[in-house]
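Visitor: pasting a predicted model and its sequence here:
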2 protein chains.
Amino acid sequence: MPVIQPVVDLVDILVQQGLSHAVISPGSRSAAITLAFARNQAVKTLVSIDERSAGYIALGLATELGKPVAVVCPSGTAAYNLAPAVAEAFFSQVPLLVITADRPAEWIHQQDGQTIYQRDIYGRHVKASLELPTDDHPPDIIWHTNRVANEAYLTASCYPLGPVHLNVPIREPFYPLESEEYIPRRNRIIRSLSVQPDLSLADWHTLQEEWEDAGKILIAGGQGPANPQLTEILGKITEEWEIPVLGDVTSNLGNHPDFISMQDIALLPDDADSLRPDLLVTFGESLLSKKFRNFIRKFPPKKHWHIGNGTHLTDSLQSLTLRIPVAPVHFFAKMLEDIDFKSFVENRALFDGAYKNEWLRRDREAARVVSESIEENLTSLNDLSSIKILASLLEEADLVHLGNSMPVRYANILKRLGLRQEIRANRGTSGIDGCVSTAIGSALATDRKVFLIVGDVTFLYDRNGFLLEEFPSNLKILVLNNGGGHIFRMIDGPTRQPELGTYFETRHHFNAESTVREAGLRYFSVKEASHLEARIGEFVQHKGAALLEVFTDPDANKKVYSAIQEAYRKLRSN
Amino acid sequence: MPVIQPVVDLVDILVQQGLSHAVISPGSRSAAITLAFARNQAVKTLVSIDERSAGYIALGLATELGKPVAVVCPSGTAAYNLAPAVAEAFFSQVPLLVITADRPAEWIHQQDGQTIYQRDIYGRHVKASLELPTDDHPPDIIWHTNRVANEAYLTASCYPLGPVHLNVPIREPFYPLESEEYIPRRNRIIRSLSVQPDLSLADWHTLQEEWEDAGKILIAGGQGPANPQLTEILGKITEEWEIPVLGDVTSNLGNHPDFISMQDIALLPDDADSLRPDLLVTFGESLLSKKFRNFIRKFPPKKHWHIGNGTHLTDSLQSLTLRIPVAPVHFFAKMLEDIDFKSFVENRALFDGAYKNEWLRRDREAARVVSESIEENLTSLNDLSSIKILASLLEEADLVHLGNSMPVRYANILKRLGLRQEIRANRGTSGIDGCVSTAIGSALATDRKVFLIVGDVTFLYDRNGFLLEEFPSNLKILVLNNGGGHIFRMIDGPTRQPELGTYFETRHHFNAESTVREAGLRYFSVKEASHLEARIGEFVQHKGAALLEVFTDPDANKKVYSAIQEAYRKLRSN
């Protein structure tokens, strides 16, 4: 049997289906797969020695490209190192094609090296767990190989998108002889049409009636990529119908001046009467603002519709009454059109603006307070002022990645203050383990400038993303180094514990400099507030990849954060 | 309900059972567990921000201590980052207690952060998958918590040792109030007596008869810790009965001059007639030497007994005929005593020395060839001479960790040339992902000097093991930096592929210096052969932790390795 013919066929099928990128970690068991990818001119390959980073780089690529990206690893614990990225891909619906080389089944648990139980290794975190046949006879096996290859790609790329595991048992010899002939043939592929779910006319009518009778309607978007068409429709809805539209920084709803984004500051306990909706309409993935989530859980609306054609029943606000499994853009466009037409025919106004104005007033007040508090604290080196200055220098077309833990929280209260870029963040599992590598993958897939804002622990955790031969020149990283897991100082519980420094913040003396310099990137740092603005300017202007490390003062960060909350409470109690 | 009482009880039970060490990664969901460990004076805790490293550090500790070590992480992908170490612990039978904080079951897959499917997440790679109750009522729940805590420790620590997963769902609030009272009470623990499996007298008699009638007997030890009693008995067996005893460097059989260790060089295809055993007796975990494994597979003995009280049926040599599930030391001691007594009574000699002498002659010839080839190549910087010089400077009580890939292969052909130390290597899964962290864990558990010999890719992969506040002062690391995954140049297949440099060796420009310096260790390096001996001397003499990076020449390495094989073939063909 030719060593690489089956995997050459596999790669041909994936390429015909649309695959264009593969991230590869080296290994002997996977040699034939590696060669098959390397020798297919239609695939752009990238080598990463650490599979954990490889997985997240592939995730970043796939998110940006909006289609499956392959990640290839040898057998053994290599497969487990991909698991964090697989879980993130599953919960954030990113199409990863995870191709793991394996020993043939009869060699599992026989004291041979780099062998673990790889079948179904990702548990419930994949859309499908497939396996190529080990051998190439009888003839039905060829057909089976073809079908599995087609199935892997189609399953990853049909809605809801997500990771697929393809386990590939491989016998020795691993490497083809120089004399080995293999045929770069064009294999049969199976195409699949995509479908759009829709509702019956009767259901549309019912929904329209309920909508018109609902009273206070609030629309809230969870995480999702930018969608200009959706932004436009939601803009019209908030303008014409005076319905407040609320989004986190990760919702990428766009920059309509009436969209609400300051809920992480603006919501106070006594807002129940004025801000509680009668009908809450949500769409997208997870809602970032914990204050908003707790607000809805505490003051549930009469009705809560969630729009989105997923299949898993998610009720994270504990108030869901109706699942509407169609695409959000389809839902809002149809509602807007039909109700507008109906109200035009009936010649009546639909909504008054009082409810929206309540939200808008608080949103603008909170924005002003945040802005003032940051201005007042420009003499200290703190995270919020760093992000705000950076935001003011970015172009709208730039892409911003946010690390988990504090950066994503900070950014959420800066939306109204100039953070107008499309935002990415690993919010499927909210892990800190792949934020650097994901941004690298993202930068590799786009010509846009990519900015990653990340804390020091998150940076250090994923520094192996830097072990690449060529770093993307369009990636710039802002590290907010407060010498530890800063989030623990910012929330209430840990600061009460005597163990704060050692066990939660894990205060450390590491920084990004050596990692960055050995990778050949330009390194900037700031240790004095008076240099902050100039240094961020140099960093943004610098041609090519760079990292700016701002050594912020943990106490100053806490002070600004507290000052904002305090000032807002004070304003509202007047 | 008090926030931390249940986990305070958990930790108390583990400590009463014998737990003394915990490796902790910081997080909010796991805060109560962290505090319970930190506040129990009987537990030594260590903080590592990267769970992958934390897992392997715990593995190193548990291997050295010979009893369960806890590793604690927050919820989400953190748990998956522990998976590589869990798999290694499973296949190498190391008792890890993997304690993962989790959300309560009703919050899984509800778009909340850091939440994945954690139940049974390690699949078949744990001895047991347990979960603490989420709440503390009704009263049976208290009993359940107690039992699960006891079960976790007892399961990890009974034979065969291995990892146990304890998932701990935790509700908010995560942090106890300052006013919260918890009782550091002494909980009931359940002890378990340990048992020794034994055979019936009838079976012992049968075995003894078969042994005496077997003809050529060969004993081969797989991976295992040093066991002086076993070494002594096997020494007597090879002296008195002239039975060859063969061990890899990872077998830790000790330094008897008659033990065979050069099989990776000494076995040639035409050795079938003279070296093939009639009865092969194996014990321990995996056999390192691929040449020996292939030799036995190709020329199977008439009978193959495997001694060891595991339960999984392993037949990696494809020749097993009898499993004898008792402890090796018990088996060999009993055979020696009974047969010696019988032969004394019957006044007859048991074995002639011809078969052992065949093995011994080849072993010594191979050792001479290796030694000469290394001597001849001292003018180039190569891996083998580096290891040999290091070995000559170590004390017998030192502990040596070998990285996977090349170092463990090199060491296996140096056993007879002065590598007399006890050897550790992650050969359960043979991964490169945790070799640095495992050595760190090992060094933390012992007062012995610990030396790690590791390749550059393996070092870089696991460099996050260095993200500790205090590095163990008794650990020294030799990095053999040949600028890539060197193993791919040493084996036959990849060198035939034009993709060698990019996709297999992954040639790179990184080295260990920056990682080492920022961690505050002393860094030595060698780039010229003439400095090698002196620099290794300084490195060994240096007080405190240090790393020596030898920049070896890939082609020189290949040359020495080939020269050895060639010289031996030539010697044998004369």
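Guide: Received, thanks.

Visitor: mind giving me the domain ranges of chain A?
Guide: A:5-169, A:201-358, A:377-573 (automatic domain parsing).

Visitor: tabulate those domains (a markdown table), appending mean neighbour count, distance to B:Val164 and mean pLDDT.
Guide: All C-beta atoms are positioned from the backbone trio N, CA, C, and that covers glycine. Formatted as a markdown table, the domains of chain A follow (neighbours: other C-beta atoms under 10 Å in any protein chain shown; distance: least, C-beta to C-beta, whole Å; pLDDT from 0 to 100):
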| stretch | mean neighbour count | distance to B:Val164 | mean pLDDT |
| --- | --- | --- | --- |
| domain A:5-169 | 23 | 17 | 95 |
| domain A:201-358 | 18 | 30 | 93 |
| domain A:377-573 | 21 | 23 | 92 |
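
Visitor: closest one to B:Ala397 among these?
Guide: The stretch from the domains of chain A with the least distance to B:Ala397 (C-beta to C-beta) is domain A:5-169; that distance is 28.9 Å.

Visitor: need the distance between the two termini of that closest one.
Guide: Start-to-end span of domain A:5-169 (C-alpha to C-alpha, to the nearest Å) is 14 Å.

Visitor: which one of the residues in the stretch 351-500 of chain A is closest to chain B?
Guide: Residue of the stretch 351-500 of chain A nearest chain B, by C-beta to the nearest C-beta: A:Gly493 (2.7 Å).

Visitor: which residues sit against the host helix or strand of that residue?
Guide: Using DSSP states H and E, A:Gly493 maps to helix A:492-495. Contacting residues not belonging to helix A:492-495 are listed as A:Phe488, A:Arg489, A:Leu500, A:Phe504, A:Glu505, B:Ser28, B:Ala31, B:Pro173, B:Phe174, B:Tyr175 [C-beta atoms under 8 Å, 6 or more residues apart in numbering or on different chains].

Visitor: past it, which element shows up next along the chain?
Guide: helix A:513-518.

Visitor: and the helices in the stretch 401-550 of chain A?
Guide: Ranges of helices in the stretch 401-550 of chain A, per DSSP state H, counting those that start in this stretch, are A:406-412, A:435-444, A:456-461, A:487-490, A:492-495, A:513-518, A:532-541.

Visitor: in the stretch 101-250 of chain A, mark out all the helices, start to finish.
Guide: Using DSSP H, counting those that start in this stretch, helices in the stretch 101-250 of chain A cover A:140-157, A:201-212, A:228-240.

Visitor: make CSV from these and add distance to B:Gln223 to it.
Guide: Formatted as CSV, the helices of the stretch 101-250 of chain A follow (distance: least, C-beta to C-beta, whole Å):
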stretch, distance to B:Gln223
helix A:140-157, 36
helix A:201-212, 65
helix A:228-240, 58
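
Visitor: of all residues in the stretch 201-350 of chain A, which one is closest to chain B?
Guide: For the stretch 201-350 of chain A, C-beta to the nearest C-beta, closest residue to chain B: A:Ser286, 3.8 Å.

Visitor: against A:Val164, how distant is the residue nearest to A:Asp120 when sequence neighbours are not counted?
Guide: Distances taken as C-beta to C-beta, 6 or more residues apart in numbering or on different chains put A:Ser129 closest to A:Asp120, at 5.0 Å, once the chain neighbours are dropped. Relative to A:Val164, A:Ser129 is positioned 8 Å away (C-beta to C-beta, to the nearest Å).

Visitor: gap between A:Gln41 and A:Ala31?
Guide: For A:Gln41, the distance to A:Ala31 equals 19 Å [C-beta to C-beta].

Visitor: what does the stretch 101-250 of chain A put close to chain B?
Guide: Applying C-beta under 8 Å from any C-beta of the partner chain, one finds that the stretch 101-250 of chain A approaches chain B through A:109-117, A:120-121, A:123-125, A:173-178, A:222.

Visitor: circling back: and B:Leu402, which of the helices of the stretch 101-250 of chain A is closest to it?
Guide: Smallest distance to B:Leu402 across the helices of the stretch 101-250 of chain A (C-beta to C-beta): 37.4 Å, for helix A:140-157.

Visitor: residues in contact with that closest one: which ones?
Guide: Helix A:140-157 has contacts (C-beta under 8 Å, 6+ apart) with A:6, A:9-10, A:13-14, A:17-19, A:67-68, A:95-97, A:127-128, A:130-133, A:135-136, A:162-164, A:166, A:187-190, A:192.

Visitor: what about it, distance to the chain center?
Guide: Relative to the chain's own centre, helix A:140-157 is displaced by 28 Å; criterion: C-alpha atoms, centre = their mean, to the nearest Å.

Visitor: try stretch A:314-322
Guide: 22 Å.

Visitor: just the residues contacting that stretch, thanks.
Guide: Stretch A:314-322 is contacted by residues A:280, A:282, A:286-287, A:293, A:296-297, A:300-301, A:303-306, B:109-112 when judged by C-beta under 8 Å, 6+ apart.

Visitor: so which of those belong to helices?
Guide: Counting by DSSP state H, the contacts of stretch A:314-322 place A:Arg293, A:Ile296, A:Arg297 in helices.

Visitor: secondary structure class for the nearest residue to the last one once chain neighbours are set aside?
Guide: Same thing as A:Arg297. Closest residue to A:Arg297 apart from its sequence neighbours, by C-beta to C-beta, 6+ apart: A:Gln318 at 5.0 Å. Secondary structure, DSSP: H, G, I helix; E, B strand; the rest coil: A:Gln318 is coil.

Visitor: just give me the neighbour total for A:Ser192.
Guide: Neighbour count of A:Ser192, defined by other C-beta atoms under 10 Å in any protein chain shown: 13.

Visitor: mind listing what it touches?
Guide: A:Ser192 sits next to A:Leu154, A:Cys158 when contact means C-beta under 8 Å, 6+ apart.

Visitor: what pairs with A:Val23 across the strands?
Guide: Beta-bridge partners of A:Val23, counted by DSSP bridges, are A:Leu46, A:Val71.

Visitor: now the strands for the stretch 251-400 of chain A?
Guide: Secondary structure of the stretch 251-400 of chain A (DSSP state E, counting those that start in this stretch): strands at A:279-283, A:303-307, A:322-324, A:399-402.

Visitor: next one: the shortest one to chain centre, how far?
Guide: Centroid separation between strand A:322-324 and its chain, computed with C-alpha atoms, centre = their mean, is 24 Å.

Visitor: stretch A:492-510 now?
Guide: Taking the mean of its C-alpha atoms, stretch A:492-510 sits 28 Å from the chain's own mean (C-alpha atoms, centre = their mean).

Visitor: now do the end-to-end distance for that stretch.
Guide: One end of stretch A:492-510 sits 26 Å from the other (C-alpha to C-alpha).

Visitor: repeat that for stretch A:406-422.
Guide: 18 Å.

Visitor: how about stretch A:192-201?
Guide: Per C-alpha to C-alpha, stretch A:192-201 runs 27 Å from first to last residue.

Visitor: in it, what counts as buried?
Guide: Using 16 or more other C-beta atoms under 10 Å in any protein chain shown as the test for burial, stretch A:192-201 gives A:Leu199.

Visitor: isn't A:Glu88 right next to A:Ala425, touching?
Guide: No. Contact criterion C-beta atoms under 8 Å: A:Glu88 and A:Ala425 do not qualify, at 10.5 Å.

Visitor: picking up where we left off before, right, and the domains of chain A - which one's nearest B:Gly215?
Guide: The nearest among those, by C-beta to C-beta, is domain A:5-169 at 26.2 Å.

Visitor: returning to what we had before: now the residue of the stretch 201-350 of chain A closest to chain B: closest residue in space, sequence neighbours ignored.
Guide: B:Gln111 (3.8 Å).
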